[in-house]
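1. what follows is a predicted protein model with its sequence.
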Amino acid sequence: MIEFVEGPLLYISVAVFFFGLIARAIMYIRGLSQNLERIAYRPQLGRGLVGAFASIFKWLIPGGTHGWRRQPFMTLVFFLFHIGAILLPFFLLGHTVVLQYYFGFSLPALPSYLADILAIAAIVGLLGLASRRLFVPEARALTTSHDWLILALTAAPFITGVVARFCGGESYETWMLAHIIAAEIFLIAAPFTKLSHIVLYFLSRAQIGMDFAIKRGGHQRGSAFPW
Ligand code: HEM
Ligand code: HEM
């Protein structure tokens, strides 16, 4: 089992993740319709792209939009989680070793104290995101079992990774195996669930940005958006 999980399944899960997300991106772009959405994507490409980049970029800055400024708690826990979620899979020392060994390329590694801080911050952020779904009435009303499943699937690699690192001791190997299985389930699930936002975030923000830049008086506003 260990050989399978650390061999073929590792390649399969990484391939499903990357090719699956590429397929989702292609499906999204092919699903756009100039006529149905009444947005002149092609004729107004230049103006549209300015809007697309502004929309993507502003939501990536804490407090960069009205939406973030109105919800300081959400902003805090969202960024606490996402900074680690994006940096750790690529730049954690343990992961750079795995990438080098299985995929033959090396990336710079974060200092381990920083990686530990990011990992713990990510777990605190996830707890904050979960508590928001429990205690903020409008978030609670919209929450389904799918949302809880996604939070659990996401939390599992973080918790098992941190436990293996800090409390592993004699059971290090077991926690590491649990970590790898949890990470593989996460990678395989991503293209089929809303975790596909890892790429679709950029496309849906770009689409809304183009919409607002091309229509809705965008030509008078430049990149000054109402959000
Ligand atoms: C299947 C691919 C993966 C493999 C083989 C793998 C392997 C490892 C290894 C070797 C460590 C180091 C443990 C140590 O320092 O003793 C680790 C830690 C960790 N991994 Fe992964 N990992 C994988 C995927 C992921 C994913 C997808 C995530 C999150 C999205 C993740 C999050 C973490 C975290 C948070 C730690 C602990 C970091 C710390 O406390 O410094 N891993 N992993
Ligand atoms: C550049 C990449 C990413 C971007 C731009 C991004 C952006 C977002 C956005 C906009 C949301 C919605 C927040 C809301 O409820 O309003 C979200 C939620 C979420 N993201 Fe990401 N994300 C990225 C990568 C990741 C990664 C790598 C993971 C997992 C390791 C992840 C896990 C999650 C989870 C679990 C939620 C749901 C939180 C909840 O249920 O409240 N994201 N993300």
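-> In hand now; what should we look at? Ligands and ions are numbered 1, 2, ... in the order given.

2. okay, CA-based contacts and neighbour counts for the rest of this
-> Will do.

3. and the residue most central in space within the chain, how far from Thr75?
-> Nearest to the mean C-alpha position of the chain, by CA atoms, centre = their mean, lies Ile198 at 4.0 Å. Separation of Ile198 from Thr75 (CA to CA, to the nearest Å): 18 Å.

4. need the residues of this structure near ligand 2, please.
-> For the chain, the residues in contact with ligand 2 (CA under 6 Å from any ligand atom) are His82, Ala85, Ile86, Leu129, Asp147, Ile150, Leu151, Thr154, Ile198, Tyr201.

5. run the contact check for the helix or strand containing the first one versus ligand 1.
-> Spelled out, it's His82. His82 belongs to helix 72-91 when assigned by DSSP states H and E. Yes - judged by CA under 6 Å from any ligand atom, helix 72-91 and ligand 1 are in contact via Ala85, Pro89.

6. can you give me the helices for the chain?
-> Here the chain has its helices, by DSSP state H, at 2-5, 8-31, 34-37, 45-58, 66-70, 72-91, 93-98, 112-135, 137-142, 145-167, 172-189, 197-214, 218-221.

7. for the second one, which outside residues touch it?
-> Pointing back at helix 8-31 there. Glu184, Ile185, Leu187, Ile188, Ala189, Ala190, Pro191, Phe192, Ser196, Val199, Leu200, Leu203 (CA atoms under 8 Å, 6 or more residues apart in numbering).

8. ditto for stretch 123-137
-> By CA under 8 Å, 6+ apart, stretch 123-137 touches 74, 76-81, 139-140, 143, 151, 155, 158-159.

9. could you give me the buried positions within that stretch?
-> Neighbour-count burial for stretch 123-137, counted by 16 or more other CA atoms under 10 Å, picks out Ile123, Gly125, Leu126, Leu127, Gly128, Leu129, Ala130, Arg132, Arg133.

10. turn these into TSV, columns for distance to Glu6.
-> Putting these into TSV (distance: CA to CA, whole Å) gives the following:
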residue	distance to Glu6
Ile123	25
Gly125	29
Leu126	27
Leu127	29
Gly128	32
Leu129	31
Ala130	31
Arg132	36
Arg133	35
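
11. about what we covered before: in the helix holding His82, what counts as buried?
-> In helix 72-91, counting by 16+ other CA under 10 Å, buried: 74-82, 84-85, 88, 90-91.

12. quick one: which of the residues you listed is nearest to ligand 2?
-> Ala85 (4.5 Å; CA to the nearest ligand atom).

13. check contacts around the residue lying closest to that closest one once chain neighbours are set aside.
-> Using CA to CA, 6 or more residues apart in numbering and skipping residues adjacent in sequence, the residue nearest Ala85 is Ala122, 6.7 Å away. Ala122 sits next to Leu80, Phe81, His82, Ile83, Gly84, Ala85, Phe158 when contact means CA under 8 Å, 6+ apart.

14. and the buried ones among the contacts of helix 8-31, selectable in PyMOL?
-> This is the PyMOL syntax for the buried subset of these, where burial follows 16+ other CA under 10 Å:
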select buried, resi 184+185+187+188+189+190+191+196+200+203
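
15. re the thing from before, packing partners of the helix holding His82?
-> Packing partners of helix 72-91 (3 or more CA pairs under 8 Å, 6 or more residues apart in numbering; DSSP states H and E): helix 66-70, helix 93-98, helix 112-135.
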